[in-house]
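Asks: Structure for this input, please:
(one chain, ligands or ions: 1)
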Amino acid sequence: MRILFLVAGILCVGGAIAQTQHPVKCGMQKRHEAIIARHPEYAQFLKDQKASLQASADFYKLFKMQGSGDRTTAISAVPVVFHIVVDSAQFNDMGGTAGIIRRCDSQIAVLNHDYNRQNADSTLIPSGWRPLYGNVGISFGLAHRDPSGNCSPGYDVKIIPGTSLTDVGFDIDTETVAAEKLAGTGLPAWDESKYYNVWCVNFTGTSNGTLGITTCRSDVTGGFANPWEVGVDILYNTLGSTGPTGAATGMGSWPNPFNLGRTLSHETGHFFEIWHPWGDDGGLCPWDAGGADDGLTDTPPESDAVYGTPSYTVPGGTINDACQDSSGINVQPIGIACLSYMDYTDDNAMYMFTTDQANAMASMVLLSPSSVTGATGYGTIGESYSLTQNPSLLVPCTPSGLAPSPTELNSSLSVYPNPTTGEVNISVNSAAEKLKDIVVLNLLGQQVATVKGQNKDYYSIDLSGLSKGIYFVKCNFASGSVTRKILLQ
Ligand SMILES: [Zn+2]
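Replies: Numbers count the residues shown, from 1 in each chain. Now for the predicted structure:
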């Protein structure tokens with residue numbers, strides 16, 4: 001991160017940003033430190049990666065200026081699969097199957113907006129930053145074919161017992177094998193050369209409070225990760241977006257203020273090899289001993305992460321932190337990049353990637369590796385290009401068994417005995433959806449009993465205290481309801 005002097009007409013005014021204690025949003029720094037503790041050479045590996053990043057961005061910029069390189073072959077959207085590994089309470093907390101579908105759809109929309117300069121809140125970008133509002137140009141779509149060629153809704157779900165929660169989630173300190181990525185305890189990655197794998201999990205142990213963490217492709221190249229680990233983990237209920245009004249219903253709950261899908265916008269930046277603007281150096285400036293930066297030119301020096309919703313009211317949009325140098329040598333004409341998706345601000349206070357951030361990512365995804373054959377010093381250009389070469393995976397098809405039709409729901413349900421003297425049993429075919437809840441109604445439509453759905457296939461309700469007569473047992477699923485008439489005698 002060198003210094004950018006060339007944005008004309010922008011006032012260099014700013015002040016220190018008041019910071020309060022916040023949980024660390026992203027586990028990347030902690031993960032890096034954990035790997036370095038076991039593999040000291042990883043520190044130099046990361047430095048080398050950052051050192052080549054600006055060259056990668058410039059290389060892509062050159063191709064764009066020539067109007068040729070980035071589209072030399074057909075580029076398709078990146079197929080995304082969400083692996084949801086949660087317990088039944090968390091599944092319900094995501095709004096069940098219907099909520100998950102909406103979360104997946106809205107998350108893809110957020111990615112496509114944020115990575116193509118189409119985010120509606122870009123109107124909030126201060127004028128000083130507008131010239132650097134970057135367009136990554138990468139598109140995303142739900143994967144509609146799994147690696148075996150079967151139809152897919154773009155997600156898979158594994159409900160785990162609540163008691164096994166401590167086994168799920170990447171424990172950074174102990175570097176526990178990522179249980180959510182193993183077949184026995186979670187959901188394995190789909191071919192990482194074709195799919196962008198995103199696991200939605202609950203972070204546990206010392207990772208508790210983390211919103212996201214990424215295993216990069218370069219980690220595999222360097223020998224620090226397995227190919228099947230490549231991808232992103234996000235806190236399960238940050239998946240998707242409520243929309244700017246926050247008024248979405250039927251989608252469960254959100255760890256506000258992280259309800260706009262920007263956790264994955266941030267982690268996807270890591271996935272495509274860009275870093276936090278402050279360099280993860282513990283509050284130092286790049287010129288301090290031990291200081292670091294993100295390797296990119298147009299993100300000004302920054303001491304540490306910025307949280308919350310900074311007030312971008314300084315004329316010209318300038319906002320600075322402890323790395324402002326009054327000597328004038330390290331002038332920051334446009335202030336720090338705390339409004340970038342790669343900072344730690346709230347979801348509604350991040351609006352953009354910078355041009356260099358965008359070009360660096362594009363160089364990894366939109367250029368084929370062959371574009372740099374024989375060249376050195378350009379980092380890992382083209383490392384994720386293969387993700388853009390599989391358009392057939394994006395073609396929608398109707399999955400079977402994943403979204404039961406009303407007929408399927410009806411046939412999956414048994415209510416017995418009927419007539420009954422009191423006890424009513426409800427069994428649900430385990431191949432169908434889990435029940436959300438059961439409501440018993442009398443002939444007037446009044447609720448006389450309710451049972452909340454759990455992760456099980458069998459329920460029993462005692463109606464012996466009710467008057468004899470006809471009742472309706474209404475079983476609600478995420479995708480519909482089935483009602484049976486019973487006689488209590
Ligand atoms: Zn991060």
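Asks: contact partners of the top helix by length along the chain?
Replies: In the chain, taking DSSP state H as the definition, the longest helix is helix 96-114. Under the criterion CB atoms under 8 Å, 6 or more residues apart in numbering, residues 80, 82, 84, 91, 94-95, 118-120, 139-142, 153-155, 157, 239-241, 243, 248, 250-252, 260-262, 264-265, 268, 341, 353, 403, 433-434, 436, 477-479 lie in contact with helix 96-114. Backbone N, C-alpha and C define where each C-beta goes, glycine included.
Asks: For the closest residue to the ion within the stretch 101-250 of the chain, which non-adjacent residue is spatially closest?
Replies: Minimum separation of the stretch 101-250 of the chain from the ion (CB to the ion) falls at residue 212, amounting to 6.8 Å. Nearest non-adjacent residue to residue 212, counting by CB to CB, 6 or more residues apart in numbering: residue 267, 4.0 Å away.
Asks: now residue 217
Replies: Counting by CB to CB, 6+ apart, the residue nearest residue 217 is residue 383, at 4.8 Å.
Asks: Quick check, the one you found in contact with residue 218.
Replies: Yes. Residue 383 lies in contact with residue 218 (CB atoms under 8 Å); the separation is 6.7 Å.
Asks: who touches both of the two?
Replies: With CB under 8 Å, 6+ apart, residue 383 and residue 218 have common neighbours residue 273.
Asks: so what's residue 230 scoring on pLDDT?
Replies: What the model reports as pLDDT for residue 230 is 93.
Asks: Pretty sure it sits against residue 224.
Replies: No. With contact defined as CB under 8 Å, residue 230 and residue 224 do not form a contacting pair (11.3 Å).
Asks: OK, contacts around residue 238?
Replies: By CB under 8 Å, 6+ apart, the contact set of residue 238 is 211-212, 254-255, 258-259, 261, 263-264.
Asks: Neighbour-wise, give me the winner out of those.
Replies: residue 264 (29 neighbours; other CB atoms under 10 Å).
Asks: and that residue, backbone torsions?
Replies: Main-chain dihedrals, residue 264, degrees, to the nearest 10: phi -80, psi -30.
Asks: From residue 276, how far out is it?
Replies: Separation of residue 264 from residue 276 (CB to CB, to the nearest Å): 16 Å.
Asks: again with residue 259
Replies: Counting by CB to CB, the separation of residue 259 from residue 276 is 22 Å.
Asks: Over to residue 484?
Replies: Distance of residue 484 to residue 276, given as CB to CB: 56 Å.
Asks: Between these two, which is the more surrounded one?
Replies: Comparing residue 484 with residue 276 by other CB under 10 Å, the one with more neighbours is residue 276, at 26 against 17.
Asks: returning to what we had before: just after the longest helix of the chain, pick out the following helix or strand.
Replies: For helix 96-114, the following helix or strand on the C-terminal side (DSSP states H and E) is strand 140-142.
Asks: Name the nearest residue to the residue in the chain positioned nearest to the ion, sequence neighbours excluded.
Replies: Proximity of the chain to the ion (CB to the ion) peaks at residue 26, 2.9 Å away. Nearest residue to residue 26 in three dimensions, chain neighbours excluded: residue 212, at 5.4 Å (CB to CB, 6+ apart).
Asks: show me the contacts for the one you found.
Replies: 25-27, 232-235, 238, 263-264, 266-267.
Asks: now the residues you listed in JSON lines, with secondary structure?
Replies: As requested, the contacts of residue 212 are arranged in JSON lines below (DSSP: H, G, I helix; E, B strand; the rest coil):
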{"residue": "25", "secondary structure": "coil"}
{"residue": "26", "secondary structure": "strand"}
{"residue": "27", "secondary structure": "coil"}
{"residue": "232", "secondary structure": "strand"}
{"residue": "233", "secondary structure": "strand"}
{"residue": "234", "secondary structure": "strand"}
{"residue": "235", "secondary structure": "strand"}
{"residue": "238", "secondary structure": "helix"}
{"residue": "263", "secondary structure": "helix"}
{"residue": "264", "secondary structure": "helix"}
{"residue": "266", "secondary structure": "helix"}
{"residue": "267", "secondary structure": "helix"}
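Asks: That's all I had, so thanks and see you.
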